[in-house]
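Trainee: only geometry, no sequence info:
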């Protein structure tokens, strides 16, 4: 998938800075080419829970932001992240005291 298409699917308007940021994220995400499609599928599945995948502003990773409106929807979103991680062998790291995960990459 082209970088500009990836950014568009994540809800961004592609520009040079975002394209450069995405390139850094891709390079920092182990096995990115193996999990790229799964990241986009996760983003689509999380939308129903008012959650999403985005570029992190502070680190060169994709982040998963859980912004569900109810505890039940939040729990459902966390379960989707866990399922994504286990099914596709993707390492994720939950940030302390935040409803945010980083996608670290494919676990070989």
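Mentor: Sure thing, it's come through. Since the model is a prediction, treat every value here as computed from it, not as a measurement.
Trainee: Off-centre distance for the helix or strand hosting residue 34?
Mentor: Following DSSP states H and E, one finds residue 34 within helix 32-46. From the chain centre to the centre of helix 32-46 is a distance of 7 Å (Cα atoms, centre = their mean, to the nearest Å).
Trainee: buried set for that helix?
Mentor: Within helix 32-46, the residues scored as buried using 16 or more other Cβ atoms under 10 Å are 32, 35, 38-40, 42-43, 45-46. Quick note: C-beta positions are derived from backbone N, CA and C, even for glycine.
Trainee: Stretch 95-108 now?
Mentor: For stretch 95-108, by 16+ other Cβ under 10 Å, it's 100-106.
Trainee: Which of those fall in strands?
Mentor: Mapping those onto strands (DSSP state E) picks out 100-106.
Trainee: what pairs with the residue most central in space within the chain across the strands?
Mentor: Nearest residue to the geometric centre of the chain (Cα atoms, centre = their mean): residue 53, 3.6 Å. Beta bridges link residue 53 to residue 64, judged by DSSP bridges.
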